[in-house]
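*Asks:* Take a look and give me a structure for this.
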Amino acid sequence: MNSTVNELFLSSVLGKTVIDARGDKLGSLWDLIMVPGEVFPEVSHLLVISHRTISAIPWQNIQLFNSFVISTTSSQTMAGDYTPGERDILMKRDILDKQIVDVNGAKVVRVNDINLRSHGERLNVFAVDVGFSGLARRLGYEALCGKIAIFLKRELPSQEISWKYVQPLETNASRLTLTVARDQMADMHPADIAHIISQIPSKDIPTVLTSLDTETAGEAIHELEPELRSRVITQLDTEQATEILEEMAPDEAADVLGDLPEEKAQEFLGLMDYEDAEDIQELMGHEDDSAGGLMNNEFLFIPPDLTVEDALREIRLLAPEIDTVYYIYIVDYDEKALGVISLRDVLINPPKTLVSDIMATNLKTVKIDAGPEEILEIIAKYNLIAVPVLDEEGKMSGIVTVDDILEIFLPTALRRRRHHHH
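*Replies:* Got it, this is the predicted structure:
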């Protein structure tokens, strides 16, 4: 390998003439085969096409490789015919135009060009270009871009993502969707993850979800539009789907299962932890937008005869299981709601105080079949974060939180689940 340009773009060499040692034309550059390298993938073979025959020339046999000339020590007779291998990754075929999930910007971008750099004897894939200039360069409008840039008095944005952040989602990358740095996925807001999921090919969705922890995956799924949500849940393998559903808040899991065909929903419920399944099943029995359908049946409740310090101990035990810990309800032994205290009350009162002495007893509640307007009115009027829901017998069956009720009244565009309380 005697002379290559230090850096070039795939678009500037594709289609270029390849000549042998004597200067005779072998064909034109059709694609490059890429294999894993130490840090960056490297080029193992050039694929040269001539009269519809494609031959593979090992990188070691290449003498010059730049956007003016590609020359090789192989002659026509030496170059073997190329038979595509199952695991071969071809740069043009498999990477150009593919979508990359850019986790940092939480968006899906397109690979417009590939930045190659020579490193000693090797040629490495250094970065993928996802900017406008990569696309323009590929379409041969480089000169034009230069002119536009002069006109705009600035360079056109070139956005490159280094290959080290790009990981093929599937081991056989014959059709790869790429993803960027998984650990960053965990820190993203579920709504952003949902947005990404809704843009990638559906067969790749399970792979993305598998790389998230079940809780985040559950939240992301709940953010999706209902029909996509059902499709995703049915596509996951059952065990994984069941785990994700168990991690979700019961009201959210009920939303998701409620959209599935009855027997599919029952199948999941059958596989779930008995108590989780029972909670969800109960919620699924109510009209979607009645208090029963909107409520969450996980809430903090304690008996009236505890002291503040007992209550605090109890809350510590139960809180991890529960989404909303603003209010603690005081419920007697036949499940009737007696009153409520806030977390603040528990923290500021002397440890030996009885909760029944500090609770607010004028509890605002709604019936299980209450409609959205009625619930919203109470929540708004009394400025509540959540309102208790009472069943036909007056027992407390759950709470409707302010965000769940507001969501119904938000225009669909804003319904992208508001921030979860964590």
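*Asks:* what about the strand ranked longest in the chain, distance to the chain center?
*Replies:* Secondary structure of the chain per DSSP state E: the longest strand is strand 25-35. Averaging C-alpha positions (CA atoms, centre = their mean, to the nearest Å) puts strand 25-35 36 Å from its chain's average.
*Asks:* Please apply the same query to stretch 202-218.
*Replies:* Relative to the centre of its chain, stretch 202-218 is centred 7 Å away, using CA atoms, centre = their mean.
*Asks:* for the following helix or strand past the longest strand of the chain, packing partners?
*Replies:* The element immediately downstream of strand 25-35 (helix or strand, assigned by DSSP states H and E) is strand 42-50. Under the contact definition 3 or more CB pairs under 8 Å, 6 or more residues apart in numbering; DSSP states H and E, strand 42-50 sits against strand 25-35, strand 53-58, strand 122-129. All C-beta atoms are positioned from the backbone trio N, CA, C, and that covers glycine.
*Asks:* so of the ones you listed, which one's packed in deepest?
*Replies:* Ranked by mean neighbour count, those are led by strand 122-129 with a mean of 22 (mean count of other CB atoms under 10 Å).
*Asks:* Could I get the average pLDDT for that strand?
*Replies:* Taken as a whole, strand 122-129 has a mean pLDDT of 83.
*Asks:* when you compare where it runs with where strand 42-50 runs, what's the angle?
*Replies:* 90 degrees (axes from the mean of the first three to the mean of the last three CA atoms, to 10 degrees).
*Asks:* packing partners for strand 122-129?
*Replies:* Applying 3+ CB pairs under 8 Å, 6+ apart, we find strand 122-129 packed against strand 42-50, strand 113-119, strand 160-162.
*Asks:* Give me the contacts around that strand.
*Replies:* 4, 7, 9, 34, 37, 39-43, 59, 65, 91, 95, 100, 111-118, 158-163, 166, 178 (CB atoms under 8 Å, 6 or more residues apart in numbering).
*Asks:* So among the residues you listed, which ones count as buried?
*Replies:* By neighbour count, with 16 or more other CB atoms under 10 Å, the contacts of strand 122-129 hold 4, 9, 34, 37, 40-43, 59, 65, 91, 95, 100, 111-118, 158-161, 163, 166, 178 as buried.
*Asks:* hey, where'd the helices end up in the stretch 251-400 of the chain?
*Replies:* Using DSSP state H, counting those that start in this stretch, the helices of the stretch 251-400 of the chain run over residues 262-271, 274-284, 291-294, 308-318, 343-348, 355-358, 372-381.
*Asks:* Can you lay out these as TSV showing mean neighbour count?
*Replies:* Converted to TSV, these look like this (neighbours: other CB atoms under 10 Å):
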stretch	mean neighbour count
helix 262-271	15
helix 274-284	18
helix 291-294	25
helix 308-318	16
helix 343-348	14
helix 355-358	18
helix 372-381	16
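*Asks:* how far away is residue 192 from residue 223?
*Replies:* The gap separating residue 192 from residue 223 is 9 Å, by CB to CB, to the nearest Å.
*Asks:* Those two: who's more crowded?
*Replies:* residue 223 (23 against 17; other CB atoms under 10 Å).
*Asks:* List the residues that contact the closest residue to the more buried one other than its chain neighbours.
*Replies:* Once flanking residues are discounted, residue 223 sits nearest to residue 194: 3.4 Å by CB to CB, 6 or more residues apart in numbering. Residue 194 makes contacts with 220-221, 223-224, 416, as judged by CB under 8 Å, 6+ apart.
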